[in-house]
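Colleague: Quick one, structure for this:
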Amino acid sequence: MTKRIDAHFVAVGKYHDVDYARLELLKLLAEHPEIRTTVACDYADIDRLNACSMLITYTCDFLPTEAEAAAIKKWVEGGGKWLALHGTNSILKFTDAGVDAPNERPDFMEMVGTQFKAHPPIGTFTVEVTNADHELTRGIVDFVTEDELYLSHTTADIDTLLHTRFEGEATGFVDHTWPETVVPILYTRDMGKGRIVYNALGHCRGHYDLPGMQDFYPVPERCSWNYPVYYELLRRGILWAMRDEG
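Modeller: I've put the predicted structure just below:
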């Protein structure tokens, strides 16, 4: 008899079609009937998280409180598995000098291992396999995708599995000029008995996701969601999170 697995999914944020990402991820989770998922629009339900073995986050410019972050860290260190996606590591502030990503929450950013700083305009880039001998990447070959390339600063020890390279301008951001940089795309971060897997791909935006800025966004963006390899990486992330390490 297959054992029930409890998962908690936090899906919330700005400037993205969170509804689309939420639905697509729930469909992937539904491929495994033993997974029972609760969905939240904040990090407040720590009691529910503590009843789960799996956390999934798809957010942008939305962080837990310091107390919630401390509880999440304790949960991971106790053996929890966290699949963090796209903008989970982002703080955004609009300034006269451009969009800033201030270092306001080192507690959270150190936990997740990176902090978003900027991205160039959506475009195509090659994702290279850094570690081909890992369950999340085994059999995956270098591939081209179209996405928001998240340029981040590393804040802790991470094990990079996929990466790309970037040199140029991230127009509109305070940190706009980037020398040649190796950019982690998929990485793991061990904490105590638990682990975080971070996948930076997966931008999406619909017609109505920039309220107050652009009331109707003319061309929806699906980016890596248009590529089968992205779904393969998500499925592998879910399978990893399902596995009982005990």
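Colleague: Pick out the residue closest to the middle of the chain.
Modeller: For the chain, the residue nearest the mean C-alpha position is Leu85 (1.6 Å; CA atoms, centre = their mean).
Colleague: Pretty sure Gly212 sits in a helix.
Modeller: No: under DSSP: H, G, I helix; E, B strand; the rest coil, Gly212 sits outside any helix and is assigned coil.
Colleague: Just read off the phi/psi values of it.
Modeller: phi 80, psi -10 (degrees, to the nearest 10).
Colleague: same deal with His119?
Modeller: Per-residue torsions, His119: phi -150, psi 140 (degrees, to the nearest 10).
Colleague: How about the contacts made by it?
Modeller: 148-151, 170, 173 (CB atoms under 8 Å, 6 or more residues apart in numbering). Glycine gets a C-beta too; all of them are placed from N, C-alpha and C.
Colleague: Next step: those residues restricted to strands.
Modeller: Leu151 (DSSP state E).
Colleague: could the contacts of His119 be laid out in TSV, adding pLDDT, distance to Glu245 and neighbour count?
Modeller: Below are these laid out as TSV (pLDDT from 0 to 100; distance: CB to CB, whole Å; neighbours: other CB atoms under 10 Å):
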residue	pLDDT	distance to Glu245	neighbour count
Glu148	98	32	24
Leu149	98	32	24
Tyr150	98	28	25
Leu151	98	32	21
Ala170	98	38	20
Phe173	98	39	21
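Colleague: got a list of contacts for stretch 234-243?
Modeller: With contact meaning CB under 8 Å, 6+ apart, stretch 234-243 is reached by 5, 7, 25, 28-29, 31-32, 34-35, 53-54, 56, 81, 83, 135-136, 197, 199.
Colleague: Let me know the distance separating Ser224 from Val144.
Modeller: 11 Å (CB to CB, to the nearest Å).
Colleague: Name the residue in these two with the higher neighbour count.
Modeller: A direct count of neighbours by other CB atoms under 10 Å for Ser224 and Val144 places Ser224 higher, at 24 against 11.
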